[in-house]
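Asker: Here is my input; please provide its structure:
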Amino acid sequence: MALQISATNPEHPALLLELPWQLPLEQWPEEYLVPLPRGISRHVVRYARAGDEVIAVKELAERPALREYQLLRDLDRLAIPAVDALAVITGRTDTAGGALEPVLVTRHLGGSQPYRSMFETTLRPATMHRLMDALAVLLVRLHLAGFAWGDCSLSNTLFRRDAGAYAAYLVDAETGELHPRLSPGQRDYDLDLARVNISGELLDLEASGALHPSVDPVDFGTEICARYRGLWEELTRTSVYPAGKYHYIERRIRRLNDLGFDVAEMQIEHASNGDTVTFVPKVVDAGHHQRQLLRLTGLDAEENQARRLLNDLESWMATQDDYAPGDPPPSSRLRSGRGDPHGARPEVLAHRWVREVFRPTVRAVPVELRGAMDPAEIYHELLEHRWYLSERAQHDIGLDTAVEDYIVDILPRARETLQPTAD
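Answerer: Take a look at the predicted model:
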């Protein structure tokens, strides 16, 4: 059987053909491999370079490979945080003509870390709580989209830094199922699997001495359930308000926005006696701040990074000549997408901020010193350092001064702050 490549991009097959598919993954020469940390997997997985791309290659049987490839593409269509599926390669044979397992090829998620590499230095409990928060958000987003994971665990997740928090990405969809809607039983089954898997993984870390002594593996496994249920309740519960109190509905929507979710569709019903109004958020989409930042600036960031950048953008807008004290607050103009009658539209101001503030600030940090951080995370780190210096000086020291101090005094002595595993 001839080698066959099913790919999402017409450019990928030509790049992939340069790799040694006639060899089992375990025998690939070092010249093709990229030394990145790998999580635990039931399959052989290797990182390799294909052109300018770093890819993850996983050997598995043809049917599950094709199925996972399609599920990952479905998750991408639904805008769920997951690795990008690039190709499935079948018909592999060795030099003697013997059959080799097919492979699934995905794009390496830049700046991400598997949980085991994060625990190479013992994580503090506060950091582990943030990991649980990120995983709970991911599981809720999957369930809102009708995706039953079937094997939620730390091992099947990648984590990226997100402005002091973490963003979680699904990395293994092999056991997943996509439905129009999940039943409570399907969701509870997924959640119970997550609890058992996470507790087991943390018990393994405890046995190896890599777990903080104050962390109880069983309690942390149970924590994912509490965080999931709290978030699910907030996103889906029915609210009953007094008639005429429509600002209560606005307040509920704002609260969902603060959690990083948009209400794309809602149901509002008046009681027959006219005394109450029932509000149900019917469709809730994640990425509220991401979409707002992307629309205004063209910058693509994680949710918490986007929230932080939007706050800085609003503060900067208030200092511009286009904005007068009597104008609506910047946050109102950003939300509405409308500028004031005498000033610039928010999109115009936002692009000026990118050009005059964001890009020059990020570029001031030498590329070789940035570590694995993306531009949005670098900017967040610089804002944090500015706040710290300003608090110490009891006045605003300015972004330029903060950048200079960060480069000269912080990076040479604390390079670990640039690593994804740092806390």
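Asker: And the strands in the stretch 1-150 of the chain?
Answerer: Using DSSP state E, counting those that start in this stretch, the strands of the stretch 1-150 of the chain run over 4-7, 45-50, 53-59, 85-90, 103-107, 112-114, 147-148.
Asker: To Gly221, which of the ones you listed lies closest?
Answerer: Nearest to Gly221, of all those, is strand 112-114, at 18.1 Å by CB to CB. C-beta here means a position set from N, CA and C on the backbone, and glycine is covered the same way.
Asker: helices or strands up against the closest one?
Answerer: strand 157-162 (3 or more CB pairs under 8 Å, 6 or more residues apart in numbering; DSSP states H and E).
Asker: returning to what we had before: export the strands of the stretch 1-150 of the chain to CSV and tack on mean neighbour count?
Answerer: Supplementary listing: those in CSV, determined by neighbours: other CB atoms under 10 Å:
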stretch, mean neighbour count
strand 4-7, 17
strand 45-50, 19
strand 53-59, 21
strand 85-90, 22
strand 103-107, 24
strand 112-114, 21
strand 147-148, 22
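Asker: Of those, give the one that comes closest to Thr238.
Answerer: Nearest of the strands of the stretch 1-150 of the chain (CB to CB): strand 147-148, 23.6 Å.
Asker: neighbouring strands for that closest one, and are they parallel or not?
Answerer: strand 177-178 (antiparallel) (DSSP bridges).
Asker: now the strands of the stretch 1-150 of the chain in a markdown table, with mean pLDDT and distance to Trp28?
Answerer: Listed next are these as a markdown table, based on pLDDT from 0 to 100; distance: least, CB to CB, whole Å:
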| stretch | mean pLDDT | distance to Trp28 |
| --- | --- | --- |
| strand 4-7 | 84 | 17 |
| strand 45-50 | 90 | 6 |
| strand 53-59 | 91 | 8 |
| strand 85-90 | 92 | 14 |
| strand 103-107 | 94 | 11 |
| strand 112-114 | 87 | 20 |
| strand 147-148 | 96 | 32 |
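Asker: right, so of these, which gets closest to Ser183?
Answerer: Ser183 lies closest, by CB to CB, to one member of the strands of the stretch 1-150 of the chain: strand 147-148, at 9.5 Å.
Asker: From the chain's centre, how far out is that closest one? Work that out for me.
Answerer: 18 Å (CA atoms, centre = their mean, to the nearest Å).
Asker: same thing with stretch 275-293?
Answerer: Distance, centroid of stretch 275-293 to centroid of chain: 20 Å (CA atoms, centre = their mean).
Asker: Only C-alpha atoms, please: export that stretch in PDB.
Answerer: Taking Å, rounded to 0.1, in the frame of the first residue of the first chain, the C-alpha atoms of stretch 275-293 are listed here in PDB:
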ATOM      1  CA  ASP A 275     -44.800  40.400  38.400                       C
ATOM      2  CA  THR A 276     -41.600  38.500  37.400                       C
ATOM      3  CA  VAL A 277     -39.200  38.000  34.400                       C
ATOM      4  CA  THR A 278     -37.400  34.700  33.900                       C
ATOM      5  CA  PHE A 279     -34.000  34.900  32.200                       C
ATOM      6  CA  VAL A 280     -32.100  31.800  30.800                       C
ATOM      7  CA  PRO A 281     -28.800  32.100  28.900                       C
ATOM      8  CA  LYS A 282     -29.400  29.700  26.100                       C
ATOM      9  CA  VAL A 283     -26.000  29.700  24.300                       C
ATOM     10  CA  VAL A 284     -22.900  30.700  26.100                       C
ATOM     11  CA  ASP A 285     -19.700  31.200  24.100                       C
ATOM     12  CA  ALA A 286     -16.300  31.400  25.700                       C
ATOM     13  CA  GLY A 287     -13.600  34.000  24.800                       C
ATOM     14  CA  HIS A 288     -15.400  37.300  25.500                       C
ATOM     15  CA  HIS A 289     -12.300  39.300  26.000                       C
ATOM     16  CA  GLN A 290     -10.400  37.400  23.300                       C
ATOM     17  CA  ARG A 291     -12.900  38.400  20.700                       C
ATOM     18  CA  GLN A 292     -13.100  42.000  21.900                       C
ATOM     19  CA  LEU A 293      -9.300  42.400  21.700                       C
END
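Asker: now it: mean pLDDT?
Answerer: Averaged across stretch 275-293, pLDDT comes to 80.
Asker: quick one: buried residues of it?
Answerer: For stretch 275-293, a neighbour-count test (16 or more other CB atoms under 10 Å) marks 277, 279, 281, 284-290, 292-293 as buried.
Asker: Enumerate the helices of the stretch 101-250 of the chain by residue range, in sequence order.
Answerer: 115-118, 125-144, 184-208, 217-236, 246-258 (DSSP state H, counting those that start in this stretch).
Asker: Let me have these in a markdown table, extended by mean neighbour count, distance to Asp151 and mean pLDDT.
Answerer: Converted to a markdown table, the helices of the stretch 101-250 of the chain look like this (neighbours: other CB atoms under 10 Å; distance: least, CB to CB, whole Å; pLDDT from 0 to 100):
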| stretch | mean neighbour count | distance to Asp151 | mean pLDDT |
| --- | --- | --- | --- |
| helix 115-118 | 20 | 14 | 84 |
| helix 125-144 | 21 | 12 | 90 |
| helix 184-208 | 16 | 7 | 94 |
| helix 217-236 | 16 | 14 | 90 |
| helix 246-258 | 14 | 29 | 81 |
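Asker: Make a markdown table out of the ones you listed and add distance to Leu411.
Answerer: Listed next are those as a markdown table, based on distance: least, CB to CB, whole Å:
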| stretch | distance to Leu411 |
| --- | --- |
| helix 115-118 | 21 |
| helix 125-144 | 21 |
| helix 184-208 | 30 |
| helix 217-236 | 33 |
| helix 246-258 | 33 |
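Asker: And the ones you listed: which comes nearest Asp405?
Answerer: helix 125-144 (25.3 Å).
Asker: Show me what that closest one is packed up against.
Answerer: Against helix 125-144 (3+ CB pairs under 8 Å, 6+ apart) you get strand 157-162, strand 165-170, helix 184-208, helix 217-236, strand 276-286.
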